[in-house]
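**Q** 3D, please:
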Amino acid sequence: MASDNVELVRSFIDTFNTGGVEGILPLIHPEFEATTPPELASEPDTYRGHEGVRRYFDSFYEAMDEIRWEAHSFQEIEERVIVDFTLHARGKTTGIDTELRAVQVWELRDGKVVGGEIHPTLEEAMSAARGEGN
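**A** As a prediction, the model looks like this:
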């Protein structure tokens, strides 16, 4: 049986896939912070709060349509949930389908998503979730 934290992350992904950015905002903690690393983003940045979440997705929607997440697995370590996922999107002007496989460490507090880190491999994500290598 999945924990409340895993269910929250699963709900977040499902809600985004059906309701977009505005649909997930009630699931985001006011102190939310996430950083996109240079190895997985063309414009690495840090995003804070609801406005940061909107800004992050606005940058996607400038170039892409039909953005959705496909979760492959969920693993929980304390107040974090590790999700191996594929991000699917379609180029707005080209119509070309694209995919990005990565692993995200979701940090949760008070029944909401308070942050996230994206990693290229499950091993790196697990190490980060355990606080190793800091």
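**Q** count of neighbours near A71?
**A** 16 (other Cβ atoms under 10 Å). (Glycine included, C-beta is placed from N, CA and C.)
**Q** okay, and it sits in which element?
**A** strand 64-77 (DSSP states H and E).
**Q** may I have the strands that pair with that strand, each with its orientation?
**A** Strand 64-77 sits in its sheet next to strand 80-91 (antiparallel), going by DSSP bridges.
**Q** roughly how far is the partner strand from the heart of the chain?
**A** Here strand 80-91 is found 7 Å from its chain centre; the criterion is Cα atoms, centre = their mean, to the nearest Å.
**Q** same thing with stretch 116-126?
**A** Per Cα atoms, centre = their mean, the displacement of stretch 116-126 from the mean C-alpha position of its chain is 11 Å.
**Q** likewise stretch 45-57?
**A** The answer for stretch 45-57 is 12 Å, by Cα atoms, centre = their mean.
**Q** how about that stretch: buried residues?
**A** 47, 50, 52-53, 56-57 (16 or more other Cβ atoms under 10 Å).
**Q** with stretch 54-68 instead?
**A** Buried residues in stretch 54-68, counted by 16+ other Cβ under 10 Å: 56-57, 59, 64, 67.
**Q** could you do stretch 77-97 as well?
**A** 80-85, 87-89.
**Q** the inter-axis angle of the helix or strand harbouring R10 versus strand 80-91?
**A** Element membership of R10 [criterion: DSSP H and E] is helix 4-24. Relative orientation of helix 4-24 versus strand 80-91 (axes from the mean of the first three to the mean of the last three Cα atoms, to 10 degrees): 30 degrees.
**Q** mean confidence score for the next helix-or-strand element following helix 4-24?
**A** Following helix 4-24 in sequence order, the next helix or strand is strand 28-36 (DSSP H and E). Strand 28-36 carries an average pLDDT of 92.
**Q** helices or strands up against strand 28-36?
**A** Applying 3 or more Cβ pairs under 8 Å, 6 or more residues apart in numbering; DSSP states H and E, we find strand 28-36 packed against strand 45-48, helix 49-63, strand 112-119.
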